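K.L.:
here is my input, please return the structure:
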Amino acid sequence: MRIKIKEKATGQIYHWSLEQVLEEINRDRSEDWTRYNKSDWREGWSEWIEGDIYNLISTTKESDNE
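P.N.:
Below you'll find the model as predicted:
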């Protein structure tokens, strides 16, 4: 999966993998943090990331295996 993201401050567009998105959602959290994963990443993005620094623009599948 590729996720198209826009950085709010600069307008820069990024194409991240799901792994990169999960890294951003889960970074700098406490030991007790329950990590988001591929099944609930959209919830984590909406709760912790969307609108602060980045905006999610779109998602696309890279292959039928995802």
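K.L.:
CA only for contacts and neighbour counts going forward, please
P.N.:
Will do.
K.L.:
quick one, what contacts the residue minimising distance to the centre of the chain?
P.N.:
Compute the mean C-alpha point of the chain, and by C-alpha atoms, centre = their mean the closest residue is Val21, 3.0 Å away. By C-alpha atoms under 8 Å, 6 or more residues apart in numbering, the contact list for Val21 reads Ile3, Trp41, Trp45.
K.L.:
surely the last one and Ile25 touch.
P.N.:
Meaning Trp45. Yes - under the criterion of C-alpha atoms under 8 Å, Trp45 makes contact with Ile25 at 6.3 Å.
K.L.:
comparing those two, which shows the higher neighbour count?
P.N.:
For Trp45 versus Ile25, neighbours defined as other C-alpha atoms under 10 Å are more numerous around Ile25 (23 against 20).
K.L.:
wait, doesn't the more buried one sit right on Ser46?
P.N.:
No - when contacts are counted by C-alpha under 8 Å, Ile25 is not listed as touching Ser46 (9.6 Å).
K.L.:
can you map out the helices along the chain?
P.N.:
18-26, 41-48 (DSSP state H).
K.L.:
okay if I get those helices as CSV plus distance to Trp33 and mean pLDDT?
P.N.:
Formatted as CSV, these follow (distance: least, C-alpha to C-alpha, whole Å; pLDDT from 0 to 100):
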stretch, distance to Trp33, mean pLDDT
helix 18-26, 8, 97
helix 41-48, 12, 97
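K.L.:
most packed of those?
P.N.:
helix 18-26 (a mean of 17; mean count of other C-alpha atoms under 10 Å).
K.L.:
that helix: how far from the chain's middle?
P.N.:
5 Å (C-alpha atoms, centre = their mean, to the nearest Å).
K.L.:
shift numbering so it begins at 38
P.N.:
Sure thing, new numbering starts at 38, so read that last one as helix 55-63.
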